[in-house]
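# Mind folding the following:
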Amino acid sequence: MPGSGRSVREIARRGAALGALALAACGGGPGERAMAEGARLTGGDPHRAPAELRRYGCNTCHTIPGVPGADGRVGPPLTGIAGRAYIGGVLTNTPANLVHWIVDPPAVDSQTAMPRTGISPDEARDVAAYLYSLR
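Reported below is the predicted structural model:
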């Protein structure tokens with residue numbers, strides 16, 4: 001907003017946070033407490049993840065609560081991923097392993113159907129923070 005003294009980045013960040021709160025209030029996504037825990041575990045910002053999940057096409061293959069249009073049925077639903085023992089059926093479920101899987105699934109399992117999307121490690125930490133907040 002010209003003349004408001006706020007940067008575009010700050011306005012976008014606040015808008016993303018309000019959107020996440022609205023989704024949580026209507027049962028669509030995680031609450032703030034869960035998102036704070038996801039951020040603590042991964043070092044990512046879960047508020048940025050819904051847009052990143054759409055940008056990289058995760059929503060076309062996975063069902064992801066709180067992400068509009070994320071109703072894919074090619075891959076597994078991502079609800080409750082924090083409680084799963086393995087990621088992609090091959091990696092122990094840890095924050096570092098989840099980030100690695102999101103960035104480069106074929107490096108972990110050459111037979112996986114999950115493609116490299118071009119997501120950066122920082123963006124993958126945001127996504128991991130969000131996914132770990134889904135209970």
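# quick one: contacts for the spatially closest residue to residue 98 that is not a sequence neighbour?
Nearest non-adjacent residue to residue 98, counting by Cβ to Cβ, 6 or more residues apart in numbering: residue 128, 4.5 Å away. In this view, the C-beta of every residue, glycine as well, is placed from N, C-alpha and C. Applying Cβ atoms under 8 Å, 6 or more residues apart in numbering, we find residue 128 in contact with 38, 41, 42, 44, 95, 98, 99, 102.
# Any buried residues in the helix or strand that contains residue 128, and which?
In this assignment (DSSP states H and E), residue 128 forms part of helix 121-133. By neighbour count with 16 or more other Cβ atoms under 10 Å, helix 121-133 contains the buried residues 123, 124, 125, 126, 127, 128, 129, 130, 131, 132, 133.
# Dump those residues into CSV; add pLDDT as well.
As requested, the buried residues of helix 121-133 are exported to CSV (pLDDT from 0 to 100):
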residue, pLDDT
123, 98
124, 98
125, 98
126, 98
127, 98
128, 98
129, 98
130, 98
131, 97
132, 97
133, 96
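# so where's this protein uncertain?
Applying pLDDT under 70 to the chain picks out residues 1-28.
# wait, doesn't residue 87 sit right on residue 93?
Yes: here residue 87 reaches residue 93: they are 5.3 Å apart, a contact under Cβ atoms under 8 Å.
# what do those two both touch?
residue 81.
# Show me which of those two is the more surrounded one.
Between residue 87 and residue 93, counting by other Cβ atoms under 10 Å, residue 87 is the more crowded of the two (22 against 16).
# and residue 69, what does it touch?
Residue 69 touches 54, 59, counting by Cβ under 8 Å, 6+ apart.
# at 6 Å instead, please
The neighbourhood of residue 69, defined by Cβ atoms under 6 Å, 6 or more residues apart in numbering, consists of residue 59.
# Ok, residue 130 next?
Taking Cβ under 6 Å, 6+ apart, we find residue 130 in contact with 46, 49.
# For it, give its distance to residue 32.
Distance, residue 130 to residue 32, by Cβ to Cβ, to the nearest Å: 12 Å.
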